[in-house]
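A.B. asks: the sequence and its predicted three-dimensional model are supplied below.
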Amino acid sequence: MRLSETMNYRVAIFSLTLLCYCFIVLVNVALIVTIILDKNMHEPMYILLATFCMNGLYGTTGFYPKILWDLLSPVHVISYSGCLVQTLVILSYACSDMSILAVMAYDRYVAICRPLEYHSIIAPYKADLRRLSAKLFIIPPIMNPFIYGFKLTKIRNRILGITCKIQR
């Protein structure tokens, strides 16, 4: 289905896409703010998680605004420089995502398998890290906060505590 064929449904598609984008921003910002505000979460794994969410915001901001603009615009073109910028943002987002996942996996590996060496020098394990990063895949940013963040008890309890305070 071409974008021009969806013009009859553009307001509905625009609304759903905007809702999805707002939801991505909301869950990622909620996780980032929670980690920043809670001093108990200033540990490598949580800092990596916040970085992961920041990168998700960066990637979606490089993608969604143009799609939203195209849904409402009668002309669906992009300049050459705009295309290059969007390509750069999406590729750098994907590379950063894979790198952050690799570092997170390595952090867990060292913490579990080599606890006596946890927060020490990474140099001896560079080859392992490269092999691991080659096997990783990209998970859409809407799922990252749920898969890696909200499942963690500390973060879930902190967000529920903040939500309860706001509702009062």
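C.D. replies: In hand now; what should we look at?

A.B. asks: only C-alpha atoms from now on, for both contacts and neighbour counts.
C.D. replies: OK.

A.B. asks: tell me where this structure has helices.
C.D. replies: 10-37, 44-61, 64-72, 80-113, 126-135, 144, 153-167 (DSSP state H).

A.B. asks: surely residue 57 touches residue 28?
C.D. replies: Yes - between residue 57 and residue 28 there is a contact under Cα atoms under 8 Å: 7.0 Å.

A.B. asks: neighbour count: those two, which is higher?
C.D. replies: Counted by other Cα atoms under 10 Å, residue 57 and residue 28 do not tie: residue 28 has more neighbours, with 27 against 21.

A.B. asks: and that one, how close does it get to residue 149?
C.D. replies: Distance of residue 28 to residue 149, given as Cα to Cα, to the nearest Å: 9 Å.

A.B. asks: residues near the residue nearest to residue 110 when sequence neighbours are not counted, how many?
C.D. replies: By the measure of Cα to Cα, 6 or more residues apart in numbering, the closest residue to residue 110 outside its immediate chain neighbours is residue 118, 5.6 Å from it. Residues near residue 118, counting by other Cα under 10 Å, number 15.

A.B. asks: help me confirm that residue 118 comes into contact with residue 109.
C.D. replies: No - assessed by Cα under 8 Å, residue 118 is found out of contact with residue 109, at 9.2 Å.

A.B. asks: against residue 76, how distant is the nearest residue to residue 53 once chain neighbours are set aside?
C.D. replies: Excluding its sequence neighbours, the residue lying closest to residue 53 (Cα to Cα, 6+ apart) is residue 28, at 5.3 Å. Distance, residue 28 to residue 76, by Cα to Cα: 29 Å.
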